[in-house]
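*Asks:* need a structure here:
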Amino acid sequence: MLPTPHIKCDYDVVYEPSEDSFLLLDCFEQDQNFLKNKFQDQFVVVCELGPGSGILTTFLMQNKIPKRENTLYLALDISPWALEATLSAQERNNCQESILEVIQSDLTGSLRKGMTDLLIFNPPYVPAEKVPERPSGKDERNQWLDLALLGGEDGMVVTQKVLDQLDNILSPQGIAYILFCARNKPEQVAESMRENGWKVELIIYRKAGWEILSVYRFSRLPILK
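*Replies:* Numbers count the residues shown, from 1 in each chain. You can find the predicted model right below:
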């Protein structure tokens, strides 16, 4: 079993690692050889959208996923608290040798087209009447945490924005891992993406209390010659 990063931050403003976080850790432990083989001969750009506490990006750096060298890690979050927590997690777990850039960004707005090889997203997936507005400053502490939790109708409003941008975000060989809860209707989402030309695979799922969580892997179908 791969080591889990030690995380310490202000959970009043940053999402505390929970069942969904640990499911993603298990997902990447399970898929580490697949990723190493896929990206073995190239420079790799890894991007986590919404790193929160930084536990997942730090886990990847700590365990050299997808590989030891030629890997750039990006962590994009709208919350300044999450970016601070991610940098702190890197330092706390002695991962400074890994190249990490944290960027304050609303979803994928700061990503260059076709440059991301591995995209990871644990979205705000809790169904809500609407997606919260972005707080105007750090003083609105509780509202930053709401942004990490509430995903609008079916909990899918934010996730759908990312799915709609996958073709622009990912490199030609790029893949995305996205977490869903059952109320997001992931089977329907997967089928819709397949109809739009994507290869979609269920990688791991788990019952967590009253919820069922799952991680799907999205990649382009090979071009037939």
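
*Asks:* quick one, phi/psi of Asp20?
*Replies:* phi -70, psi -40 (degrees, to the nearest 10).

*Asks:* that one contacts Phe121, doesn't it?
*Replies:* No: when contacts are counted by CB atoms under 8 Å, Asp20 is not listed as touching Phe121 (11.2 Å). Any C-beta I mention is one placed from the backbone N, CA and C, and that applies to glycine too.

*Asks:* what residues of the helix or strand of the chain with the lowest mean pLDDT count as buried?
*Replies:* Lowest on mean pLDDT, DSSP states H and E among the helices and strands of the chain sits helix 141-149, with a mean of 82. Buried residues in helix 141-149, counted by 16 or more other CB atoms under 10 Å: 143-148.

*Asks:* send me that helix as CSV with only the CA atoms.
*Replies:* Output in CSV follows, covering the C-alpha atoms of helix 141-149 (Å, rounded to 0.1, in the frame of the first residue of the first chain):
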residue,chain,number,x,y,z
ARG,A,141,-14.7,32.1,4.8
ASN,A,142,-17.7,29.7,4.8
GLN,A,143,-18.6,30.5,1.2
TRP,A,144,-15.2,29.2,-0.1
LEU,A,145,-16.1,25.7,1.3
ASP,A,146,-19.5,25.8,-0.3
LEU,A,147,-17.8,26.2,-3.7
ALA,A,148,-16.0,22.9,-3.1
LEU,A,149,-19.3,21.0,-2.3
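
*Asks:* distance between that helix and the chain's centre?
*Replies:* 17 Å (CA atoms, centre = their mean, to the nearest Å).

*Asks:* what of stretch 22-32?
*Replies:* For stretch 22-32, the distance to the chain centre is 12 Å (CA atoms, centre = their mean).

*Asks:* and the average pLDDT for it is what?
*Replies:* Averaged across stretch 22-32, pLDDT comes to 98.

*Asks:* overlap in contacts of Asp20 and Phe121?
*Replies:* Leu179 (CB atoms under 8 Å, 6 or more residues apart in numbering).

*Asks:* so what does the least confident helix or strand of the chain touch, helix or strand wise?
*Replies:* With contacts taken as 3 or more CB pairs under 8 Å, 6 or more residues apart in numbering; DSSP states H and E, helix 141-149 sits against helix 80-92.

*Asks:* any chance you could map the helices in the protein?
*Replies:* Using DSSP state H, the helices found in the chain span residues 19-30, 32-38, 55-62, 80-92, 141-149, 157-169, 186-195.

*Asks:* looking at the ones you listed, which is buried most?
*Replies:* helix 55-62 (a mean of 25; mean count of other CB atoms under 10 Å).
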